[in-house]
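**Student:** please work out how this folds:
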Amino acid sequence: MSIADELSTAEQTDTRRLRICRCKRGDGGEHFDEFEVPVGPHTTLLDALLWIQRHLDPTLAVRHSCLHASCGVCGVQVNGREELACVCELRDHADQITVEPLANLAVLTDLVVDMRPFYAHFPEQHPIIRTSELVAGAAAREGLGTFVRLEDCIECGLCVSACPIAATSHEYVGPAALVAAERLLEEPRGAEPEDVLRWADRPDCAWRCHVGMECSRVCPAQALPAERIMALRRKLIFDGQRGKGARR
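**Tutor:** Predicted coordinates:
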């Protein structure tokens, strides 16, 4: 239920003050605007941001799409931690909440960041558009408890925002791109594994990670990016690829 629906069907007894980072091109820097918003039992941050757009400030810019943590579009920083606004419930936070755009990506306006560099770092073999490969009636073989999904990453960018290495190097491809490479090794779909390993072995790829685990801590899809990066490193070592890409 959206905040608009809640306001029309239930009396609001709680509020939150949102401190929202604002940044408009040509305005000479960023600042924070504060808004008092009503909060219902299940009001999310995205509900509140859209309520502000409708009732207080129509110029507030925020990205959203699916509303249920599947598209990854609405990622922001909430009190310094990366979250998806559509599943961030305001009752779980204190009376004052600071909302900022994702870090380590250029801000276009307000809470909207430029995702083009994020995708530009992905390996060339990674297909941007993928079709469903679910087979009707498929069942796990004997001795296998369940299938393991290789497509858990929703490419939201939260891992890049939280990554301490991405904060110091724009050349580092970042956790999501490395996870995409590891998935390609598990399920190549036409990609040559040797090419993927050569890409991952470059100086700003798998070996640049310092295993801070921040990416796995904030991942909303539980894709375990840090663990996948370590799996990618093991494949580089065991396949004898380490150092080959760096020498090319």
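**Student:** show me which residues of stretch 56-65 are buried.
**Tutor:** Residues Leu60, Ala61, Val62, Arg63 are the ones in stretch 56-65 that count as buried (16 or more other CB atoms under 10 Å). C-betas here are computed from N, CA, C, even on glycine.
**Student:** make TSV from those residues and add secondary structure, pLDDT and distance to Gly40 to it.
**Tutor:** Formatted as TSV, the buried residues of stretch 56-65 follow (DSSP: H, G, I helix; E, B strand; the rest coil; pLDDT from 0 to 100; distance: CB to CB, whole Å):
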residue	secondary structure	pLDDT	distance to Gly40
Leu60	coil	97	20
Ala61	coil	96	24
Val62	coil	96	19
Arg63	coil	95	23
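**Student:** just these now: which is nearest Val78?
**Tutor:** Distance to Val78 across the buried residues of stretch 56-65 (CB to CB) is lowest for Val62, with 12.7 Å.
**Student:** could you dump the buried residues of stretch 56-65 into JSON lines and include distance to His210?
**Tutor:** Below are these laid out as JSON lines (distance: CB to CB, whole Å):
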{"residue": "Leu60", "distance to His210": "36"}
{"residue": "Ala61", "distance to His210": "33"}
{"residue": "Val62", "distance to His210": "32"}
{"residue": "Arg63", "distance to His210": "30"}
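**Student:** list just the nearest of the residues you listed to Pro175.
**Tutor:** Arg63 (20.4 Å).
**Student:** just the C-alphas of the longest helix seen in the chain, formatted as CSV.
**Tutor:** In the chain, with assignment by DSSP state H, the single longest helix is helix 225-238. Provided in CSV are the C-alpha atoms of helix 225-238 (Å, rounded to 0.1, in the frame of the first residue of the first chain):
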residue,chain,number,x,y,z
PRO,A,225,29.4,-10.3,-4.6
ALA,A,226,32.4,-10.6,-2.4
GLU,A,227,32.2,-14.4,-2.3
ARG,A,228,31.7,-14.4,-6.1
ILE,A,229,34.8,-12.3,-6.6
MET,A,230,36.8,-14.8,-4.5
ALA,A,231,35.4,-17.6,-6.6
LEU,A,232,36.5,-15.7,-9.7
ARG,A,233,40.0,-15.4,-8.3
ARG,A,234,40.2,-19.1,-7.5
LYS,A,235,39.3,-19.8,-11.2
LEU,A,236,42.0,-17.5,-12.3
ILE,A,237,44.6,-19.3,-10.2
PHE,A,238,43.5,-22.9,-10.9
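**Student:** having no further points to raise, I will conclude here.
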